[in-house]
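**Student:** Fold the following and give me the result.
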Amino acid sequence: MSGGTLANIKLFAGSSHPVLANQIAKRLGIPLAAVSIVKNAAGESQITMLESVREFDVYIINTGCGEVNTALMELLILIHACKIASARRITAVIPHFPYARQDKKDKSRAPITAKLVASMIQKAGCDHVISMDLHASQIQGFFDVPVDKLYAEPSMIHYIRNNIDVKNCIIVSPDAGGAKRATSIADRLEVDFALFHKERKKANEVSRMILVGSVTGKVAILVDDMADTCGTIGLAAKTLVEAGATKVYALVTHGILSGKALEVIEASGMEKMVVTNTIPQEDRLEHTNKIDVIDVSPVLAETIRRSHFGESVSYLFHEVPYANGAA
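**Tutor:** Down below sits the predicted model:
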């Protein structure tokens, strides 16, 4: 991509995922805009933009990971700072949307925090949002500004075709809620799919998983939008091995991998846990060889480019923009 045609873009990054931000900037062929982000003695985020944004098309990259509240405040402050500095348009690029799992009122007096986050982002001055694999589709409706909801599915299919024996695989959803995602990938690959029915005795604790479908003699590929403690995926992988799967892979968009997740992955019998880099994985890669990372920076960079020039992004719902033959 040529930097000359993107002269009216300013690309800022918060502190949550500098590696991804640099990959996106490199893909676009433009430098990240200079910004100072520090925490003062009181623990507040103190942000100073070191470049003019007047009449620029501004994109701010920060993802929901690590110190999530800090990442969210940085995003809000950067949006607000650009707004009052006369940016022409401000787009928040949030690969992993923070508080996405708090998307509905599922019990008495429970807040819908994802809606609150959406309102805060808009109130700060955001004109447009780009995110990937939102945990719940209604989050898109929490905004009154355009939201480009990207999908990791094309990147996952690319990985499967290049790393797994497609002719002998079966796509598996770890729960009924993910059936649509699993069937979509299975249809694209022209393979069968199966799913699990989860029985819970209490919240966040799966007591039993019932497999619907046969995986005997096949490579089972679990697909999901996120993996946190990996309890469900770990149990699903063990069940698939017991059910006769020759190998088990897990493909997940957002690899939060908190707590004892790495131990669960190691003990589960799965071949690989494959995640995208919407969340930084560098530290985890030092501790296990069970994790593969799919780079989604080409998708995010191409979305930014298309957004800037007013082009459709729907092409990216089905294809991966590997420019210059990169894979």
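
**Student:** For stretch 30-39, list every residue counted as buried.
**Tutor:** The neighbour-count check on stretch 30-39 (16 or more other C-beta atoms under 10 Å) flags 30, 32, 33, 35, 37 as buried. (C-beta placed from N, C-alpha, C; glycine too.)

**Student:** Redo those as a markdown table? Include distance to residue 146, secondary structure and pLDDT.
**Tutor:** Converted to a markdown table, the buried residues of stretch 30-39 look like this (distance: C-beta to C-beta, whole Å; DSSP: H, G, I helix; E, B strand; the rest coil; pLDDT from 0 to 100):
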| residue | distance to residue 146 | secondary structure | pLDDT |
| --- | --- | --- | --- |
| 30 | 22 | coil | 96 |
| 32 | 24 | coil | 98 |
| 33 | 22 | coil | 98 |
| 35 | 25 | strand | 97 |
| 37 | 27 | strand | 97 |
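
**Student:** need the residues you listed in TSV with distance to residue 111, can you?
**Tutor:** Conversion of the buried residues of stretch 30-39 to TSV gives the following (distance: C-beta to C-beta, whole Å):
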residue	distance to residue 111
30	39
32	34
33	34
35	31
37	28
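
**Student:** Select, from those residues, the two members most distant in space.
**Tutor:** Greatest spatial distance in those: 30 and 37, 19.4 Å, computed using C-beta to C-beta.

**Student:** quick revisit: ok, of the buried residues of stretch 30-39, which one's closest to residue 249?
**Tutor:** Among the buried residues of stretch 30-39, residue 32 lies closest to residue 249 (C-beta to C-beta), at 33.9 Å.

**Student:** Sticking with residue 144, tell me its helix or strand.
**Tutor:** Of the helices and strands defined by DSSP states H and E, none includes residue 144.

**Student:** What helix or strand is residue 300 located in?
**Tutor:** If you go by DSSP H and E, residue 300 is part of helix 297-308.

**Student:** For that helix, give me every contacting residue.
**Tutor:** By C-beta atoms under 8 Å, 6 or more residues apart in numbering, the residues outside helix 297-308 that reach it are 1, 6, 8-9, 11, 20, 23-24, 26-28, 57, 59, 61, 91, 93, 95, 128, 130, 132, 148, 150, 154-155, 277, 311-313, 316, 320-323, 326.

**Student:** could you redo the last one with a cut-off of 6 Å?
**Tutor:** For helix 297-308, contacts defined as C-beta atoms under 6 Å, 6 or more residues apart in numbering pick out 9, 20, 23-24, 27-28, 57, 59, 130, 150, 313, 316, 321-322.

**Student:** Show me the contact partners of stretch 239-251.
**Tutor:** With contact meaning C-beta under 6 Å, 6+ apart, stretch 239-251 is reached by 156, 209, 211, 215-216, 219-223, 233, 237, 269-274.

**Student:** Just the mean pLDDT for it, thanks.
**Tutor:** Mean per-residue pLDDT for stretch 239-251: 97.
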